[in-house]
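In: sharing a model prediction with you, sequence too.
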Amino acid sequence: MPRTSSALPLTGPVRLGADARAALRPAAAEVRAGFWHTRREVNARTSIPQGPGLLESAGNLHNLRLVAGTAQGEHRGDFPFVDSDVYKWLEAASWQLAQQGADEDGGQGDPETQRLAADVDRIISLVAGAQQPDGYLNTWFQIRKGGERYQDLRWGHELYCAGHLIQAAVAHHRATGRDQLLDVGRRFADQIESVFGPPGSGKPIDGIDGHPEVETALVELYRETGERRYLDLAGYFVDRYGHGLLGGAAYCQDRVPLREATTVEGHAVRQLYLLAAATDLATETGDAELRAATERLWQAMTATKTHLTGGLGAHHDREDFGDPFELPNERAYCETCAAIASVQWSWRMALLTGEARYSDLIERTLYNGFLAGVSLDGESWLYVNPLQVRDGHTDSGGDQSARRTRWFRCACCPPNAMRLLAGLEHYLSSTDADGQGLQIHQYVTGRYRADLGGTPVTVTAETDYPWHGTITLTVEETPTDRPWTLSLRIPQWCSEYRVRCGTRTYDQTDAPVTDGWLRLEQEWAPGDQVVLELGLEPRLTAADPRVDAVRGCVAIERGPLVYCLEQVDHPGGGLDDIVIDTTRPLVVKHRPDLLGGVTTVVAAGHHRRIPDAGWWPYQPAAGTADPTSSAGEPVELTAIPYHAWANRQDGSMRVWLPTS
């Protein structure tokens, strides 16, 4: 059946098996207006359509033609995983086609949709033409390594690329109902299954990829096809990490088996992809030990290794997690891909457990650590997302730059961001496993829909969140012969809220909130309304005192948004010597003229008087010398949402502000 632009997609990146042991299942949603609609429109109209041209200029598509024998020349690209950028773009485009309208005949709808569908078909044909007869596909090894296979598992990324191909294949099949790319993905998965297996299996290779990714893809391929062998293969890969197959390196999660691990470590993206796969496996198999490990590691990550923005990864060197509470500012890595992986893993944890805290982290990450990686116009990107850029900092752009860049040598982040934004509706709502209620995880203007015991439920929402805290929910479709539960997530940051349901009003003193959920159970009728009001007063936040980098500092937050100062808003002086006055109130100003329309927070502060230290920058500690006032010229501090920084001009920026 053709999909129309008004249809609500029923599937997304995660579709649980019929026998999955999960508390929740993804429900359908549609974003119609407001904050995320604007960001997704930029993604749909600018970022995704530019993808084929950027992949062409970078050589990714040329490499596929070389392998297919339809072009001549040399392999282009500096890394063995450049094929994955093509597959991530195909996944993004497929989810976009699901929104704009695509059918089994290859596309319909407006000219933009037709062009996108044509680009997708063209690139799928390139991929299919490059695949070898037995299903293998990796242009780096087919060209640069003379057909060598699986001889450099730690760095070669062959299975990583296969995983992204399989995820794109599943997405395209779910979006359009067409089999061409799914057939390519299945053939590659079958080729992998024919050569990888544990000792005693008769398979020639007992090995794992240095970059986990194929595991989540294999679980989803199982969910799409019903072929249990794909799930079993994913389980084999997950359980072989930590057994020294990659030299025992923590960098690639090979130091300790995941079931025994006590904290996240190594390369942040690799760790998170592996944990997402482990959660998928626990969900599908009911493996209690694996579930306990994922819950333990998520808790360790959020409590000791997560930045205020939801960003992950302390080290530029090796892109990895640091020690507990090692959370630097200007040297924070916080790769955009790590934020995306965090959202993907936390969503799986939310479905598995039913707990709202996982969606709390998703919200924080989406609005801050992730969204900062995409420019407001959708044409440039940040690979890393620091929390401070010092006065006078200069760089020439590039992968590890604090300046937005058009594309990267290692271009993993842009198409990854495209696919998350295109599939964002999948992460907004759920229904419980027994079909007795609808849970709203993220608040948008749009529609949420679930199937409750064979009866459709549809709830519409109107809101200007996150700028304003009022969310008005209206029941459109509902069973009228039995009660069901509408569950609203009360964010972890929210200390004051109120909900009006019919003639009753609740607030934080009497509304029953369990595991982060405000549950409203009753018999509903079409037209019933619920109005949720979340308090959005700006607040000052301090870190755990074990975070050395920000001791004596505070950050400004409002609702789900983390704020920062940018040099462009503070002419006449740098940001490094600014001190915030915590005794003065924070003032909210709505600025429709700024950065496409944002709400700013204005604070009072001053420039510190710092005496010239001469040739030695260390002085006697306070109290050991005559005190001298350090208060300098008062200054009004204008804080903007962190996700909007680096969209005007180069300059300094900081999230954490000294208090003295």
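Out: Perfect, thanks for sending it.

In: from residue 300, how far out is residue 139?
Out: 38 Å (CB to CB, to the nearest Å). Using the backbone N, CA and C atoms, a C-beta is placed for each residue, glycine as well.

In: give me the phi and psi for residue 21.
Out: phi -90, psi 70 (degrees, to the nearest 10).

In: so how far is residue 494 from it?
Out: In terms of CB to CB, residue 21 sits 31 Å off from residue 494.

In: got it, and residue 198?
Out: Distance from residue 198 to residue 494, by CB to CB: 48 Å.

In: what of residue 117?
Out: 42 Å.

In: poorly predicted segments of the stretch 251-400 of the chain, please.
Out: 396 (pLDDT under 70).

In: the spatially most central residue of the chain: what's it in contact with?
Out: The centre of the chain sits closest to residue 340, judged by CA atoms, centre = their mean, with a distance of 2.3 Å. The neighbours of residue 340, taking CB atoms under 8 Å, 6 or more residues apart in numbering as the test, are 370, 416, 417, 420.

In: then residue 351?
Out: 14, 16, 22, 23, 24, 25, 26, 283, 430.

In: helix or strand for it, which one?
Out: According to DSSP states H and E, residue 351 maps onto helix 336-353.

In: what's the first helix or strand after that helix?
Out: Following helix 336-353 in sequence, per DSSP H and E, is helix 357-364.

In: which residues does that next one contact?
Out: In contact with helix 357-364 (CB under 8 Å, 6+ apart) are residues 298, 302, 306, 309-310, 342-343, 346-347, 349-350, 427, 441-442, 489, 491-493, 515-516, 560, 562.

In: for it, the distance to its chain's centre please.
Out: 11 Å (CA atoms, centre = their mean, to the nearest Å).

In: helix or strand next in line after that helix, which one?
Out: strand 388-389.

In: and the contacts of residue 351, which is closest to residue 276?
Out: Checking those against residue 276 with CB to CB, the nearest one is residue 14 at 9.2 Å.

In: quick one on the thing from earlier: now, of the contacts of helix 357-364, which are buried?
Out: Among those, those classed as buried by 16 or more other CB atoms under 10 Å are 298, 302, 306, 309-310, 342-343, 346-347, 349-350, 427, 441-442, 489, 491, 493, 516, 560, 562.

In: among those residues, which lie within strands?
Out: Residues of those located in strands (DSSP state E): 489, 562.

In: is it correct that residue 484 is in contact with residue 432?
Out: No. Between residue 484 and residue 432 there is no contact under CB atoms under 8 Å: 9.7 Å.

In: okay, and residue 284 sits in which element?
Out: helix 268-285.

In: same question for stretch 586-599, mean pLDDT?
Out: Confidence over stretch 586-599, taken as the mean pLDDT, stands at 97.

In: report the buried residues of that stretch.
Out: Within stretch 586-599, the residues that count as buried by 16+ other CB under 10 Å are 586, 594, 595, 598, 599.

In: want to throw these into TSV with distance to residue 86 and secondary structure?
Out: Shown next, in TSV, are the buried residues of stretch 586-599 (distance: CB to CB, whole Å; DSSP: H, G, I helix; E, B strand; the rest coil):
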residue	distance to residue 86	secondary structure
586	46	coil
594	37	coil
595	32	coil
598	35	strand
599	38	strand
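
In: got the contact list for residue 287?
Out: Neighbouring residues of residue 287 by CB under 8 Å, 6+ apart: residue 281.

In: distance of it relative to residue 516?
Out: 25 Å.

In: try residue 650
Out: Distance of residue 650 to residue 516, computed by CB to CB: 40 Å.

In: next: residue 70.
Out: For residue 70, the distance to residue 516 - CB to CB - is 54 Å.

In: repeat that for residue 157.
Out: Residue 157 is 37 Å from residue 516, by CB to CB.

In: go on, residue 380?
Out: For residue 380, the distance to residue 516 (CB to CB) stands at 36 Å.

In: what residues sit buried inside stretch 62-81?
Out: Using 16+ other CB under 10 Å as the test for burial, stretch 62-81 gives 62, 63, 64, 65, 66, 67, 68, 75, 76, 77, 80, 81.

In: before we move on, which element is the third one in?
Out: Using DSSP H and E, residue 64 sits within helix 60-68.

In: what helices or strands is that helix leaning on?
Out: helix 48-58, helix 83-100, helix 111-130, helix 139 (3 or more CB pairs under 8 Å, 6 or more residues apart in numbering; DSSP states H and E).

In: just these: most buried one?
Out: Ranked by mean neighbour count, the helices and strands packed on helix 60-68 are led by helix 83-100 with a mean of 27 (mean count of other CB atoms under 10 Å).

In: show the average pLDDT along that one.
Out: 96.

In: report all helices and strands that that helix contacts.
Out: By 3+ CB pairs under 8 Å, 6+ apart, helix 83-100 packs against helix 48-58, helix 60-68, helix 111-130, helix 158-176, helix 413-422.

In: export those helices to JSON lines and tack on distance to residue 98 and mean pLDDT?
Out: Converted to JSON lines, the helices and strands packed on helix 83-100 look like this (distance: least, CB to CB, whole Å; pLDDT from 0 to 100):
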{"stretch": "helix 48-58", "distance to residue 98": "13", "mean pLDDT": "97"}
{"stretch": "helix 60-68", "distance to residue 98": "23", "mean pLDDT": "97"}
{"stretch": "helix 111-130", "distance to residue 98": "11", "mean pLDDT": "96"}
{"stretch": "helix 158-176", "distance to residue 98": "4", "mean pLDDT": "97"}
{"stretch": "helix 413-422", "distance to residue 98": "8", "mean pLDDT": "97"}
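
In: ok, residue 245 - contacts?
Out: Residue 245 neighbours (CB under 8 Å, 6+ apart): 153, 206, 207, 208, 254.

In: thanks a lot, catch you later.
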